[in-house]
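Chemist: give me the fold of what follows.
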Amino acid sequence: MSVSHLAAIVLLPASLLMASAAPAQPLQVPGLLQQQGNRALSGEVLSAEQAFVLTPPAPSAIKAEGTRQLLQLHWRIEPGYYLYRDQLKLNDAQGQPLALNIPQGEILTDAFFGTVQVFHDELHVEAVLPEHPTQWPLQLQWQGCAHAGVCYPPQQQSIVAQQLGQSTSDDTPDADRTAEGQPSTSPTHWLHSLALPASVLIGPVALPTMALVLFLALFLSQWWARRLQLRLGQPVDALLMRSVLAGLLAARLAYVGQWWREYWQPGAHPASSALQIVDIRDGGWNLWAGLAATAAWILWQARGNAALRRATLQALAAGAFILIAAHALRNWVEADKPAIAAITLVTASAQTVDLRSYQGQPLVINLWATWCPPCRREMPVLAQAQKEHPNIRFLWINQGEDAAAVMRYLQTMALPLPQVLLDPKQRASAHWQQRGLPSTYFYDAQGLLRGMRMGELSRASLAEQLTRIAPVQPASR
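Modeler: This is a model prediction of the structure:
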């Protein structure tokens, strides 16, 4: 078997994921009754930026009231549109809410939020500015809808101190702070910089990092084996190839054995269970079992030929060094792990939610799209896991699609609507620097990222990740 054939086998689990992005669209939830009356819209629906125009905050908008400084915020609201009073929020850099002086609004029975207070035409709000420099920058949020039955995702704008002529200097000695823009030289930061990402972006294609590392290790081992074969006149190349195939088989079987209950489910059709075992797209391999089996095969096959045995083990060692080093950098060296995103999204049940509100419980965040085949294939696995593990909260954040497309898909795939979030602007993808779909992130109850998987999850690979964030075992039947 040639190197190209083996490379095809190795890279088969790495489904090529196209990093295509859909343009953001207003959230149009099907089935909503249009509001009637003189404010009903006709013609094209405006974008959120056109419907709700915030006057840029400036130093001239600040007034003093005693020891406090108040920022005057002003929105111009187009006819036929309205802003929600309860969705006006201003948070500091730590996510703590700041006081807002909001006037009373008009009472409206809204198809999205029920009976609410809203504002038409224009809105004036006073915000109390923070006193401590560490509270900057501020995050302003507002949300509105149209009487035509269109609801927009929450809009956000960052307000920095310099924009308002505010000082952010403090009394912290310069020696105790790292200069802005200068990377830290601490050993911890140096180690973090060596951590391997879960995937590598090559043009528009995202590939799992370990799949590429495996290909590189095989290429190096095969190249070294060819050199030794030409020098010694021994069949090093052929023996290494057979040994690697035996090692790959052992690595897969060891992983399947570890998660046997997830692969062979009582009551499931035997053909279906067998197909899951041979479906290596879930990335289920046991590195140590594979290396041990490869070395054992070489020792057995070359037991009567010391020269062949030494040469083949030497070629194997070259590739094994790359694999072990990459495994250590991927799993044992902690990278700078992103916290749960500080963004507010709209659920499929038309409720706004801040992702940080889920801290305090184990959390699984799945980024997906209806056009993504691996996303659709893994969806039943995730939905079933949510039923089996009620102590873990699963969130499905759709990327780049409008609500109509998501709601059509949810008619065929029963997911809890409050746990399906709409992200037409793909802010979650930007936060996690997502390179392909599906991408799944696993947070523990303390809000720490414990695992990440780019690509399709099986019951076994999902169960493996869940053990990192909660004391769960492979589900028994």
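
Chemist: how is this protein divided into domains?
Modeler: Residue ranges for the domains of the chain, per automatic domain parsing: 48-163, 204-331, 344-466.

Chemist: same list, the ones you listed, but as JSON lines with mean neighbour count and distance to residue 196 please.
Modeler: C-betas here are computed from N, CA, C, even on glycine. Compiled in JSON lines, these are given as follows (neighbours: other CB atoms under 10 Å; distance: least, CB to CB, whole Å):
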{"stretch": "domain 48-163", "mean neighbour count": "16", "distance to residue 196": "30"}
{"stretch": "domain 204-331", "mean neighbour count": "18", "distance to residue 196": "4"}
{"stretch": "domain 344-466", "mean neighbour count": "19", "distance to residue 196": "11"}
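
Chemist: using TSV, please lay out the ones you listed together with mean pLDDT.
Modeler: Rendered in TSV, the data for the domains of the chain read as follows (pLDDT from 0 to 100):
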stretch	mean pLDDT
domain 48-163	88
domain 204-331	88
domain 344-466	91
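
Chemist: can you tell which of those is closest to residue 194?
Modeler: domain 204-331 (5.6 Å; CB to CB).

Chemist: looking at the domains of the chain, which is nearest to residue 338?
Modeler: Ranked by CB to CB, the member of the domains of the chain that lies closest to residue 338 is domain 344-466, at 5.8 Å.

Chemist: tell me how far the ends of the closest one are from each other?
Modeler: When the termini of domain 344-466 are compared using CA to CA, to the nearest Å, they are 25 Å apart.

Chemist: switch the domains of the chain over to a markdown table; also include distance to residue 194.
Modeler: Conversion of the domains of the chain to a markdown table gives the following (distance: least, CB to CB, whole Å):
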| stretch | distance to residue 194 |
| --- | --- |
| domain 48-163 | 29 |
| domain 204-331 | 6 |
| domain 344-466 | 17 |
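
Chemist: can you show me the helices along the chain?
Modeler: The residue ranges that make up the helices of the chain, judged by DSSP state H, are 3-11, 48-51, 187-194, 209-232, 236-258, 260-263, 270-278, 287-301, 306-331, 373-388, 403-410, 427-432, 459-466.

Chemist: want to throw those helices into TSV with distance to residue 77?
Modeler: Listed next are the helices of the chain as TSV, based on distance: least, CB to CB, whole Å:
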stretch	distance to residue 77
helix 3-11	54
helix 48-51	7
helix 187-194	46
helix 209-232	48
helix 236-258	57
helix 260-263	53
helix 270-278	54
helix 287-301	59
helix 306-331	50
helix 373-388	37
helix 403-410	22
helix 427-432	24
helix 459-466	45
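
Chemist: neighbours around residue 165, how many?
Modeler: With neighbours defined by other CB atoms under 10 Å, the count for residue 165 comes to 10.

Chemist: which residue sits closest to it, ignoring its sequence neighbours?
Modeler: By the measure of CB to CB, 6 or more residues apart in numbering, the closest residue to residue 165 outside its immediate chain neighbours is residue 59, 4.0 Å from it.

Chemist: doesn't residue 162 make contact with the one you found?
Modeler: No: Residue 59 is beyond contact range of residue 162, at 10.0 Å (criterion: CB atoms under 8 Å).

Chemist: identify the bridge partners of residue 90.
Modeler: Assessed by DSSP bridges, residue 90 has beta-bridge partners residue 140.

Chemist: which strands and helices sit next to the biggest strand by length in the chain?
Modeler: Across the chain, the strand with the greatest residue count (assigned by DSSP state E) is strand 68-77. With contacts defined as 3 or more CB pairs under 8 Å, 6 or more residues apart in numbering; DSSP states H and E, the packing partners of strand 68-77 are strand 52-54, strand 62-65, strand 122-128.

Chemist: which of those strands sits closest to residue 257?
Modeler: strand 52-54 (57.6 Å).

Chemist: which strands and helices sit next to that closest one?
Modeler: strand 68-77, strand 138-142.

Chemist: just send the ones you listed back as TSV, with distance to residue 277 too.
Modeler: Below are these laid out as TSV (distance: least, CB to CB, whole Å):
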stretch	distance to residue 277
strand 68-77	58
strand 138-142	48
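
Chemist: if we can go back for a sec, for residue 98, find the nearest of the helices of the chain.
Modeler: Closest approach to residue 98 among the helices of the chain (CB to CB): helix 427-432, 21.7 Å.

Chemist: now do the closest one: everything it contacts.
Modeler: Residues from elsewhere that reach helix 427-432, judged by CB atoms under 8 Å, 6 or more residues apart in numbering: 338, 341, 343, 345, 355, 365, 367, 397, 399-400, 423, 434, 439, 441.

Chemist: if you set the cut-off to 10 Å instead, what comes out?
Modeler: Contact with helix 427-432 is made by 19, 21, 24, 153, 156, 338-345, 355, 365, 367, 395, 397-400, 421, 423, 434-437, 439, 441, 449, 452, as judged by CB atoms under 10 Å, 6 or more residues apart in numbering.

Chemist: all the strands of the stretch 351-477 of the chain, residue numbers only.
Modeler: Taking DSSP state E, counting those that start in this stretch as the criterion, the stretch 351-477 of the chain contains strands spanning 352-354, 363-368, 393-399, 420-423, 439-443, 449-454.

Chemist: returning to what we had before: now the longest strand of the chain - C-alpha only, CSV.
Modeler: The C-alpha coordinates for strand 68-77 follow below in CSV (Å, rounded to 0.1, in the frame of the first residue of the first chain):
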residue,chain,number,x,y,z
ARG,A,68,-22.3,61.7,39.8
GLN,A,69,-21.8,62.0,36.0
LEU,A,70,-24.8,61.2,33.9
LEU,A,71,-24.6,60.2,30.2
GLN,A,72,-27.5,61.3,28.0
LEU,A,73,-28.5,58.5,25.5
HIS,A,74,-30.8,59.2,22.7
TRP,A,75,-32.4,56.9,20.1
ARG,A,76,-34.4,57.9,17.0
ILE,A,77,-37.1,55.2,16.3
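
Chemist: quick one: that strand to strand 138-142, angle?
Modeler: Strand 68-77 runs at 30 degrees relative to strand 138-142, counting by axes from the mean of the first three to the mean of the last three CA atoms, to 10 degrees.
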